[in-house]
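Structural data only, the sequence is not supplied:
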């Protein structure tokens, strides 16, 4: 298996694992149990990493790059006019779908 991403936290790691699995890319998380050692270990070994099979690395990295690009964009809700982060699929204000 090959590492394709280091998540900021456990929640992001599980969300991204779900993204990969929804695209038929099996994913293993490593470092989940290290969160209990925050403060005891250096920051560079505390992160949760995502690992995939070598033949899925390119596809996984493409999806993860798209995820990162979304975090820098915004969209306006068609129902209420609220501005939302690109990573949101639902409006945080009214729960209306992005599309």
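Nice, I can see it. In this text the structure is predicted, and so the values were computed from the model without any measurement.

How about residue 83, nearest residue that isn't a chain neighbour?
Spatial nearest neighbour of residue 83, chain neighbours left out: residue 74 (5.3 Å); criterion: Cβ to Cβ, 6 or more residues apart in numbering. C-beta here means a position set from N, CA and C on the backbone, and glycine is covered the same way.

so what's the one you found bridging to?
residue 85 (DSSP bridges).

residues in contact with it?
83-86 (Cβ atoms under 8 Å, 6 or more residues apart in numbering).

How much space separates it from residue 27?
Distance of residue 74 to residue 27, computed by Cβ to Cβ, to the nearest Å: 28 Å.

Quick check on the contacts of residue 74: which are buried?
residue 84 (16 or more other Cβ atoms under 10 Å).

Closest one of the contacts of residue 74 to residue 57?
Residue 57 lies nearest to residue 86 out of those, by Cβ to Cβ, at 24.3 Å.

where does this protein dip in pLDDT?
By pLDDT under 70, the low-scoring segments of the chain are 34-46.

Show me where it has its strands.
Here the chain has its strands, by DSSP state E, at 2-6, 28-30, 49-52, 74-76, 83-85.

Dump those strands into CSV; add distance to residue 95 as well.
What follows is those, written out as CSV (distance: least, Cβ to Cβ, whole Å):
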stretch, distance to residue 95
strand 2-6, 29
strand 28-30, 29
strand 49-52, 29
strand 74-76, 14
strand 83-85, 11
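
Buried deepest among those, which one?
strand 49-52 (a mean of 20; mean count of other Cβ atoms under 10 Å).

For that strand, name the packing helices and strands.
Using 3 or more Cβ pairs under 8 Å, 6 or more residues apart in numbering; DSSP states H and E, the elements in contact with strand 49-52 are strand 2-6, helix 10-22, strand 28-30, helix 57-70.

Quick one: residues in contact with it.
Residues outside strand 49-52 that contact it (Cβ under 8 Å, 6+ apart): 1-7, 13, 16-17, 20, 25-31, 60, 64.

The same query, at a cut-off of 7 Å, please.
Strand 49-52 is contacted from outside by 1-7, 13, 16-17, 20, 25-31, 60, using Cβ atoms under 7 Å, 6 or more residues apart in numbering.
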